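>>> Starting from these lines, generate the structure:
(2 chains)
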Amino acid sequence: MTVAKEYKPTEIEPKWQARWAEDRLYEAHEDPARQKYYTLVMFPYPSGDLHVGHWYNYAPADAFARFQRMHGFNVMHPIGFDAFGLPAENAAVKRGIHPFTWTVGNIERMREQLRSLGSVFDWSREVATCFPDYYRWNQWLFLQFYNKGLAYKAKKPANWCPSCNTVLANEQVVDGACERCGTIVTRRDIDQWLLRITDYADELLDFSRIDWPEKIKIMQTNWIGRSTGAEIVFRAESGQEIPVFTTRPDTTFGVTFMVLAPEHPLVEQLTTSARRQAVDEYVEQARRATEIERLSTEREKTGVFIGSYCLNPLNGERVPIWVGDYVLYTYGTGAVMGVPAHDTRDFVFARRYGLPIPVVIAPPGWEGGELPEAYVGEGAMVNSGQFDDLPSKEGIERVIEYLEEHGLGKRRVNYRIRDWLISRQRYWGTPIPIVYCDTCGVVPVPVEDLPVLLPEDAEFRPTGESPLKLHHGFVNTTCPICGQDAVRETDTMDTFVDSSWYFLRYTSPNDDREPWDREKVGYWLPVDQYMGGAEHAVMHLLYSRFFVKALRDMGLLDIDEPFTHLFNQGIITKDGTKMSKSRGNVVNPDDFVSRMGADTVRAYLMFIGPWDQGGDWSDQGIAGVYRYMNRAWNLVQAVLLAGLPSGEPAAGEQSPGVRDLRRWTHKTIRRVTEDIERFRFNTMLAALMEFTNYLGSVQGSEVARTPAWSEAIRTLLLLLAPTAPHLAEEMWHELGLPYSIHNQPWPSWNEALAAEEQITLVVQVDGKVRERLNVPVGIGDEEAKGQALASANVRKFLDNRRVANVVYVPGRLVNIVTAK
RNA sequence: GCCGAAGUGGCGGAAUGGCAGACGCGCCUCUCUCAAAAAGAGGUGAGGGUUCCCUCAUGUGGGUUCGACUCCCACCUUCGGCACCA
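Predicted coordinates:
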C-alpha cells in the first residue's frame, strides 16, 4: 500500500538534474538522418549573479527547446559566456582582483545557477570568449577581414568616453552618452580599426530570408538609413570642388547658400582674411561643444560666413559659403547646399541670417508669395530654367540626368550607418593582431603565430590608461617580415566581435585547427530560433548578420543569415520599475527556487503574461503557481493510490463522461501545442490549469476507472514536461512509465475527439444577448433560427416589434434585428 | 519632431468581428481546527431591482456593421527606438 507523498521540489529537482547530466540526456549530436533544430538564447555576461531577468530569458526558451525535442527534432540548445568586457577590468582596479580570476569565478558561480534552472542546455558545447582557445579565432577572423580589405585603420573623430577611457562605436552612444556608464561622450581624433559594415548596407536591408519581429527590422532599416539622391559638385570661385549630397536635386535652383561642417578641410582654405578671426572662433567653439549639445535639435542653428563664394552648377549663381555646426562632417560629404524654401533646417538658418528664400517647388495653390515655413512636399518646379513646370518627382530624375551629362554630378546613395569601430583602448578584450614596423609599416601577425596572448601580469591603474600600453613585454616585439624591432597594436576588440560568431563556435567548441568545423556548421546552421532582448537590435543582431554575409563572401560559410526566426522577450520588472541594485528591487531567483522549486519559478515566469511584453514580478503571484504545482502533484498521488487503469481507450461508443474526458484531453493537447508554437506560454499554463482542475473534479468518478483516465493523466504529464521538467519526470517515474519523459514523443490530438457535441447558441435581439440555448453542434440554419424565435425570453423582447432580419452565424449565434 | 508598441475589474492578464473579464492573484463567506496557518467549497466589474432580470462598462470622441475590446478616422496617455542624416 502506497502512501501519498508530499511535493518536495528541493528533493526531486537536484536528483533529476544529476541523473540527466549523468545520462548526457541533452547533449546534441550531428545526425544527418534526423531533422536538426538549433535553438539559441543570447549568452550572458558573467556578472556573477544570475538574476530573475536571466531566468525570464532562459526558462521559456528552455520550455520551447524541450517542446521541439519531444516533437522529434534533433535539438541543440547551447550556452556559454560573453566573458570579455569592462566590468572585469573595473573590478581589477577597484578590488585588485585580476580580470581573469574575477571572470572565471563568476562563470563558475553562474554555471551552477544556470544548472538549477533544470535546463536542456548542452554543457559539452560551452564557450567562454575570454579564453585564448576562443579569442585566437577572433584574431584569425580579423586577419581574414583585413586580407579582404574589410578591416582598416583610420584617423577619424570618434566617440570618446572619458570615464571608460575608450572610444565607442556609434551604436554604443545613446543620447550622446556612453551606453554603459552614462557619461557624456566627447569627440576625439584617434587612429582606430574599423570593419567595413557599410559595404553590406544594401544587403543588410534585405530581410526576405528571415522571419523577425517587424520592430527589429524597422529599427535596423532606420539605423542603416539608406537615402537616394545626387552628389552635386559646386565649384568655389578659387577653383576648389565642393561636392554636396542631396536627396532633392530638383531644388537646386533654390540654393542661396552653402554650409560646410566645422571640420571640413575647405573651411581653412576658403576663409578670407577679413573673416578669419570670426571663423576661427566659431570653429573652435563648435569643437568644444559636447556631442549632446551639438546633436540637440532644439539648439539654434548657427553659422558664420567665411567670405568666399561658389557657383551653382545649374544656374551659375554666386552662392556664399558659410560654416555651421548643424552640418555633420561624418554624413554625406560634410557640406550641404542651402535650399531654405524647401528644407526646414535651411529655412531657419536663412531666416536667422537674412538670406533669400526663393521658391522653386510650387506648393499646391501657391500664388507666388513668401512661404511661412519650408515646403518639403512635392509640387511643380518653378524658377528653375528649362526644368520649369516639371513635377518635382520627375524633376529629380531630369536634374540627375542633366548633371551626369554635363559632368556636374552623379546619382548617389547615402547611408546613415557608419563603419563599425572595433578598437577599444582596454585590456580585457581580444588583442588586435597587428604589429607596427618602422620599415615594413602595418604588418598583420601571421596566422601561425596566433594567438596574440593577453599578458597575465598587466598593471591596472586607476587612471584608466590601457594596461597593454604600459606593458613593455607585450608592446615590444619583432617584425614578422624583417625581424627588426617593432611594436604591437595595443587596442583590443569590441566585445561585439566575440558575439558576432559565437553561434558558429558552438558547433565545434574544442576545434583547435579552425574556428568552426565546416561540416558541422553545415548541419546545424542557421540558428532556427533565436531568443533574446530587443536591446541588441542595431548592435549584436546587425553585426552578426554582417559577419555571416562577409564570411560567406570569403568562402567560409554557406549561409546568408545567422538566425532564421527571432523572438524578443520583454523585460521583467518589480513594482513596475526595472530591477536594479540601486533601487534595491532585484529579485533573487535562488530564494524562490529553494522554497518553491525551479519548476514553479519557471512556470510563474511563463504565466505572468505574454513573453514578448515582459511582466511584473509578484511574490503573491508566484504562490498561485506553486499551489497549482501542488494540485497537479496531489492529483497524480491520488492516481497512484487508486492505480492507473490499464489499456488504451477504445474507439466507438462511449459514455458521455468518457467522451467529455477525452474531449478535454484532446482539446488541451491542441491548445497547449498551438500556444507553445506561438510563444504564448501564459495561455498554455491557463489551459493546463483548467485541464487539471477538470481532472480534479472527476477524480473519484466512474471515468477515473477507464483507460481514458490513464490517457488523460499521461497527457497531463507530457504537456507539463517542457514547463515543469522535474515534476513531470518524477510523476512519470512514479507511475512506472519509461525514463525519460523528456524523450517521449509529444502527444497529438484527434480533431474528432476534441470536437464539441453541444454548443451554446447565443441569441441576441438587436445585438444584445437575451438567451443562451444548448443545441447540437450541427444544428441547421432554419432550426437554429426557429429555436431562437421560439424562446420565451426572446419573445419578451420581441413584444410589439416587427422582426426585420435574422442573422445566423453557424455554431455561434442568432441575432434578431427588429424594425424601428 | 519622426518611427514603433500598448491602453480591458482592486492587480497580472484572456478574448483579434459574434456570450467581455478565461486562468491566476487579492478580497469576502463557509468547512476543517481549541485557534491559526495550510488545504478545500462558494462568491467577487459598477449601478439598479434581489429565485430571476435590467442598465452601464474594454483610454476619449466620431464612423463602418445586424453585431466592435477587435476594423477605419481624429485625439489623449504610457513605454521603447531614432533624433539637425541634408
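>>> who touches the strand or helix carrying residue A:108?
Assigning secondary structure by DSSP states H and E places residue A:108 in helix A:99-115. Counting by CB atoms under 8 Å, 6 or more residues apart in numbering, helix A:99-115 makes contact with A:17, A:21, A:44, A:46-50, A:54, A:58, A:79, A:81, A:83, A:88-89, A:91-92, A:95, A:121, A:123, A:126, A:128, A:130, A:427-428, A:456, A:589-590, all of which sit outside it. C-beta here means a position set from N, CA and C on the backbone, and glycine is covered the same way.
>>> Repeat the analysis, applying 7 Å as the threshold.
A:17, A:44, A:46-48, A:50, A:79, A:81, A:83, A:88-89, A:91-92, A:121, A:128, A:130, A:427-428, A:456, A:590 (CB atoms under 7 Å, 6 or more residues apart in numbering).
>>> Tell me the residue of the stretch 601-750 of chain A that sits nearest RNA strand B?
Per CB to the nearest atom of the strand, residue A:624 is where the stretch 601-750 of chain A lies closest to RNA strand B, at 2.5 Å.
>>> State whether that residue is indeed within a helix.
Yes - assessed with DSSP: H, G, I helix; E, B strand; the rest coil, residue A:624 lies in a helix.
>>> Narrow the contacts of helix A:99-115 to just the buried residues.
If you count burial by 16 or more other CB atoms under 10 Å, the buried members of the contacts of helix A:99-115 come out as A:17, A:44, A:46, A:48, A:50, A:79, A:81, A:83, A:88-89, A:91-92, A:121, A:128, A:130, A:427-428, A:590.
>>> Among those residues, which lie within helices?
Per DSSP state H, helices hold the following members of the buried ones among the contacts of helix A:99-115: A:17, A:88-89, A:91-92, A:590.
>>> which ones are touching residue A:253?
A:314-315, A:360, A:383-385.
>>> That one and residue A:317: what is the separation?
Separation of residue A:253 from residue A:317 (CB to CB, to the nearest Å) stands at 9 Å.
>>> give me the element residue A:529 is part of.
Using DSSP H and E, residue A:529 sits within strand A:527-533.
>>> which residue packs closest to residue A:637, ignoring adjacent ones?
Nearest residue to residue A:637, sequence neighbours excluded (CB to CB, 6 or more residues apart in numbering): residue A:4, at 4.2 Å.
>>> so how far is residue A:640 from that neighbour?
Here residue A:4 is placed at a distance of 7 Å from residue A:640 (CB to CB).
>>> Ok, residue A:462 next?
For residue A:462 relative to residue A:640 (CB to CB), the value is 64 Å.
>>> Compare these two and say which is more crowded by neighbours.
residue A:640 (18 against 7; other CB atoms under 10 Å).
>>> Check which residues of the helix or strand containing that one are buried.
Using DSSP H and E, residue A:640 falls within helix A:619-642. Judged by neighbour count (16+ other CB under 10 Å), helix A:619-642 contains these buried residues: A:622, A:625-626, A:628-637, A:639-640.
>>> tell me what that helix is packed against?
Other elements packing on helix A:619-642 under the criterion 3 or more CB pairs under 7 Å, 6 or more residues apart in numbering; DSSP states H and E are helix A:589-596, helix A:598-607, helix A:681-698, helix A:707-720, helix A:725-734.
>>> Give me the mean pLDDT for the shortest one.
Along helix A:589-596, the predicted confidence averages to a pLDDT of 93.
>>> what do you get for the third one?
Mean pLDDT, computed over helix A:681-698, is 95.
>>> is any part of that helix close to RNA strand B?
Yes - contact of helix A:681-698 with RNA strand B (CB under 7 Å from any atom of the strand) involves A:682-683, A:685-686, A:689-690, A:693, A:696.
>>> can you check the first one too?
No - using CB under 7 Å from any atom of the strand as the criterion, no contacts between helix A:589-596 and RNA strand B are found, and the smallest distance is 10.9 Å.
>>> how much does that helix deviate in direction from helix A:598-607?
120 degrees (axes from the mean of the first three to the mean of the last three CA atoms, to 10 degrees).
>>> same deal with the longest one?
Orientation check (the same axes, to 10 degrees): helix A:681-698 against helix A:598-607 gives 120 degrees.
>>> Restrict helix A:681-698 to CA atoms and write it as PDB.
Taking Å, rounded to 0.1, in the frame of the first residue of the first chain, the C-alpha atoms of helix A:681-698 are listed here in PDB:
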ATOM      1  CA  PHE A 681       3.200  30.400 -22.500                       C
ATOM      2  CA  ASN A 682       0.700  32.300 -20.300                       C
ATOM      3  CA  THR A 683      -2.300  30.900 -22.000                       C
ATOM      4  CA  MET A 684      -0.600  27.500 -22.300                       C
ATOM      5  CA  LEU A 685      -0.500  27.400 -18.500                       C
ATOM      6  CA  ALA A 686      -4.000  28.600 -18.200                       C
ATOM      7  CA  ALA A 687      -5.100  25.600 -20.400                       C
ATOM      8  CA  LEU A 688      -3.100  23.200 -18.200                       C
ATOM      9  CA  MET A 689      -4.700  24.600 -15.100                       C
ATOM     10  CA  GLU A 690      -8.200  24.300 -16.500                       C
ATOM     11  CA  PHE A 691      -7.400  20.700 -17.500                       C
ATOM     12  CA  THR A 692      -6.000  19.900 -14.100                       C
ATOM     13  CA  ASN A 693      -9.000  21.500 -12.300                       C
ATOM     14  CA  TYR A 694     -11.300  19.500 -14.500                       C
ATOM     15  CA  LEU A 695      -9.500  16.200 -13.800                       C
ATOM     16  CA  GLY A 696      -9.700  17.000 -10.100                       C
ATOM     17  CA  SER A 697     -13.400  17.400 -10.400                       C
ATOM     18  CA  VAL A 698     -14.000  14.000 -12.000                       C
END
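>>> elements contacting it?
When contacts are defined as 3+ CB pairs under 7 Å, 6+ apart, helix A:681-698 packs onto helix A:598-607, helix A:619-642, helix A:656-677, helix A:707-720.
>>> and of the ones you listed, who's closest to residue A:521?
helix A:656-677 (26.8 Å; CB to CB).
>>> Can you tell me what sits against that closest one?
Defining contact as CB under 7 Å, 6+ apart, one finds that helix A:656-677 is touched by A:64, A:67, A:649, A:681, A:683-684, A:687-688, A:691, A:694, A:698, A:701-703, A:706, A:708-709, A:711-712, A:715, A:719, A:722, A:747-750, A:753-754.
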